[in-house]
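Undergrad: With the input below, show me the fold.
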Amino acid sequence: MSQTVAMNEKYFRRQAMYWLIVAAVVAVLWLVVWLLSATPVIANKADNEIKSSDLPLPATITELNELKTLVKPLDNAVLVRDLRSYPDEFKDKNYFTDIGSRYAVQLMDVGENEVIVDYLNGRKDRADFAYFRYTDGNKKQRYVLTYGKFTTAEEAKAALASVNFALPDSIKPTAVKISSLLPMIDNYERGQDITDLASTQPRRIRLQATGNEIPVRAATAADEELARISRQRAQEQEAKQQAQQAAQAQEQSQLVPPAKAGETAPTPAHEELPMAPTAQPEPHTAQPPAAEKKPAPATTGDNQTESGQ
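TA: Numbering: from 1, shown residues only. Coordinates of the predicted model:
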C-alpha cells in the first residue's frame, strides 16, 4: 500500500513538471510571436509621423488667430519714444485719469512743446502745472497746459482770478473739469527712469554722520612690517640721491682746469653771479640855510705898526 502511494506521488509530480515545462514553452512562443507582429506596426507609425523640420517656415505672419484676442497688438505710432526733452510737468493719460474728478485751469493750447517749456522756466510755482499732448483734426500734435487740481469749480475760478499767470490778453484761461479733457489726450505713457544695473557701472554711496566714535585698531605685526619696509625704502632712495649728487659734483670738478698762479678761477657759465644790492636813494631832508660870513674888519696903520714891532 505504501508503495502504491509513493508511486502515485511520483506520477503526479512528473505530470506537474511536464505541464510547467509546456506552459513555459508556450509563454516564450507567445512573447516571440507578439514581438514579431508588433515591430512592423511601430515602424509604420514612425514613417507616417510628420516632423516640424519638414514643414516650410512662413515668410510673414498675416493672422494671429486666437492670440489676436488674447494679446492685443501695440500701436507704436502714439508712444512717446524720446522723453529726454520733456520736463516733469509733461504727464500722460494715466495721470489725468487719476484726477479726473477734479477741476483745473486750462491756460493755453499751443502747437510747440518749447512754448510751454519756456513759460514754465519762468515760473516759480511750476510744480502746480501739468500739460499733455493730443492730436487735432489735421493730424498735428498740440499741447495743452493746465494749472492746479481743485476740488470744486469755484476754487478753480478763484485761482483764475487771484493767480497772476502773466499771459497776453489774447489768451483767455478757463476753468474746466479734468474728465472733459481725457477723450482728447493721446494714448501714450510716460516712461520710467532707466537704471543701468551692470556690474561695471559706478555706484552712488551716501555717507552719513555717526554719533559713535570709531575705535582705533591696534597695529598688528603685518602693519609694523609694512611701516619698516617703507622707512627702509625711503632711506635707500635718499642715500641714492645723495650719491648721485656727489658724483655729479665730482664730474664737474674734473671738467674745470686748475687755475694758474696769479689767475683767478673761471666762473662756471651756468652759475649766476651774485647781484649787488640796489642802492636806494636816501630821503631828502631840508637843511638849514648856511650862516652868512661877516667880512673881516679893515686893519689900520696903528695896528700894522704894532704888528711890525
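Undergrad: what stretches of this structure score poorly on pLDDT?
TA: Counting by pLDDT under 70, the low-confidence segments of the chain come to 1-3, 38-50, 52, 64-84, 191-199, 201-203, 214, 216, 256-309.
Undergrad: show me the biggest strand of it in terms of residues.
TA: Determined from DSSP state E, the single longest strand within the chain is strand 141-150.
Undergrad: what does that one rub up against?
TA: With contact meaning Cβ atoms under 8 Å, 6 or more residues apart in numbering, strand 141-150 is reached by 99, 102-113, 115-116, 119, 128-136, 156, 159, 163, 165, 173, 175-176, 178, 181, 184, 186. C-betas here are computed from N, CA, C, even on glycine.
Undergrad: Go again with 6 Å.
TA: 99, 102-111, 113, 116, 128-136, 156, 159 (Cβ atoms under 6 Å, 6 or more residues apart in numbering).
Undergrad: how far off strand 141-150 does the helix or strand that that strand is followed by point, in degrees?
TA: Downstream of strand 141-150, the first helix or strand assigned by DSSP states H and E is helix 153-162. Calculated by axes from the mean of the first three to the mean of the last three Cα atoms, to 10 degrees, helix 153-162 forms an angle of 110 degrees with strand 141-150.
Undergrad: just checking, next helix/strand downstream of helix 153-162?
TA: In N-to-C order, the element after helix 153-162 by DSSP H and E is strand 174-177.
Undergrad: In that next one, which residues are buried?
TA: Buried residues in strand 174-177, counted by 16 or more other Cβ atoms under 10 Å: A175, V176.
Undergrad: What strands line up against that strand, and which way round?
TA: Take DSSP bridges as the rule and strand 174-177 pairs in its sheet with strand 103-110 (antiparallel).
Undergrad: After the strand it pairs with, which helix or strand is next? Please name it.
TA: Next element after strand 103-110 (DSSP H and E): helix 113-121.
Undergrad: For the helix or strand just after that following helix, give me every contacting residue.
TA: Moving toward the C-terminus from helix 113-121, the next helix or strand (DSSP H and E) is strand 129-135. Residues from elsewhere that reach strand 129-135 (Cβ under 6 Å, 6+ apart): 89, 91, 116, 141-147, 184-186.
Undergrad: How about stretch 220-228?
TA: Outside stretch 220-228, no residue touches it (Cβ under 6 Å, 6+ apart).
Undergrad: Stretch 159-174 too?
TA: V105, Q106, L107, M108, G148, A175.
Undergrad: got the buried residues for it?
TA: For stretch 159-174, burial by neighbour count (16+ other Cβ under 10 Å) applies to A159, L160, F165, P173.
Undergrad: Including distance to L226, could the contacts of stretch 159-174 go into JSON lines?
TA: Listed next are the contacts of stretch 159-174 as JSON lines, based on distance: Cβ to Cβ, whole Å:
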{"residue": "V105", "distance to L226": "70"}
{"residue": "Q106", "distance to L226": "72"}
{"residue": "L107", "distance to L226": "69"}
{"residue": "M108", "distance to L226": "69"}
{"residue": "G148", "distance to L226": "66"}
{"residue": "A175", "distance to L226": "75"}
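Undergrad: Show me what the helix or strand containing A16 packs onto, helices and strands only.
TA: According to DSSP H and E, A16 maps onto helix 2-48. Taking 3 or more Cβ pairs under 6 Å, 6 or more residues apart in numbering; DSSP states H and E as contact, there are no helices or strands that helix 2-48 lies on.
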